[in-house]
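Enquirer: Could you work out the structure for the sequence below:
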Amino acid sequence: MKRTAFLALAALAIFACQPPAQQAGLPDEDVAAINALMDDLVDAELAGNWEGVAELMAEDVVSMPANMPLMQGRDEWAAWVESMGFSVTELTFDIVEMDGRGDLAYLRIAFSEVFTVEGASEPVEETGKCLWMMRKQADGSWLLSTWLCNSDLPPAE
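Expert: Numbering: from 1, shown residues only. Predicted coordinates:
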């Protein structure tokens, strides 16, 4: 009897010392807010509204474009993209994976786009992938905090 009571107390102590279970995934309202941000981002890019895209990023966003040094801050990102002289004519983002906890989320995205570049004779068709980190704001909205994208196409010669 003493042994049974001891085992019961030991089991209770073990379970009592476990951290509380954390709910997996993002709540539906956060998923909806992130999907709305994605829609706003596509609309802004198609309109050539680079300031509008930058407003969907945290002030201290970290951007990691392929074959370039890291960029810090939305102003640096906006200046870079405006200097590229391109217009996006078609754009789709397909969320492959979305997850997060609390005020952090990540998205793994596949994208396809068609864009024109000043001075180029033909539009460029591109596919690629992105890994984005997002932070939830006090008002419940989400902003991009880390932007990492690269092309599936081989490097230009």
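Enquirer: low-confidence ranges in the protein?
Expert: Along the chain, the model assigns pLDDT under 70 to residues 1-24.
Enquirer: In it, which strand is the longest?
Expert: Of all the segments assigned as strand in the chain under DSSP state E, the longest by residue count is strand 86-101.
Enquirer: Return the set of buried residues in that one.
Expert: For strand 86-101, a neighbour-count test (16 or more other Cβ atoms under 10 Å) marks 86, 88, 91, 93, 98, 100 as buried. For glycine as for every other residue, the C-beta is placed from the backbone atoms N, C-alpha and C.
Enquirer: And stretch 142-154, by the same measure?
Expert: 142, 143, 144, 145, 146, 147, 151.
Enquirer: out of those, which are inside strands?
Expert: Within the buried residues of stretch 142-154, membership in strands is found for 142, 143, 144, 145, 146, 147, 151, as judged by DSSP E.
Enquirer: And for stretch 94-101, what's in contact with it?
Expert: By Cβ atoms under 8 Å, 6 or more residues apart in numbering, the residues outside stretch 94-101 that reach it are 22, 25-26, 30-31, 34-35, 38, 105-111, 129, 134.
Enquirer: Figure out how far that stretch is from the centre of its chain.
Expert: Distance of stretch 94-101 from its chain centroid, counting by Cα atoms, centre = their mean, to the nearest Å, is 8 Å.
Enquirer: got it, and stretch 140-157?
Expert: For stretch 140-157, the distance between its averaged C-alpha position and the chain's averaged C-alpha position is 8 Å (Cα atoms, centre = their mean).
Enquirer: Could I have the CA atoms of that stretch written out in CSV?
Expert: Extracted as CSV, the C-alpha positions of stretch 140-157 are listed here (Å, rounded to 0.1, in the frame of the first residue of the first chain):
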residue,chain,number,x,y,z
GLY,A,140,-3.5,42.9,-33.6
SER,A,141,-2.0,43.5,-37.1
TRP,A,142,1.1,41.7,-38.3
LEU,A,143,4.2,43.2,-40.0
LEU,A,144,7.0,41.5,-41.8
SER,A,145,10.2,41.5,-39.7
THR,A,146,12.5,39.3,-41.8
TRP,A,147,12.3,39.0,-45.6
LEU,A,148,14.3,36.3,-47.3
CYS,A,149,13.4,35.5,-50.9
ASN,A,150,15.3,33.9,-53.8
SER,A,151,14.7,32.8,-57.3
ASP,A,152,14.4,29.2,-58.6
LEU,A,153,16.0,30.4,-61.8
PRO,A,154,19.8,30.0,-62.4
PRO,A,155,21.9,33.2,-62.0
ALA,A,156,22.0,35.4,-65.1
GLU,A,157,25.2,35.2,-67.1
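Enquirer: Cool, thanks, signing off.
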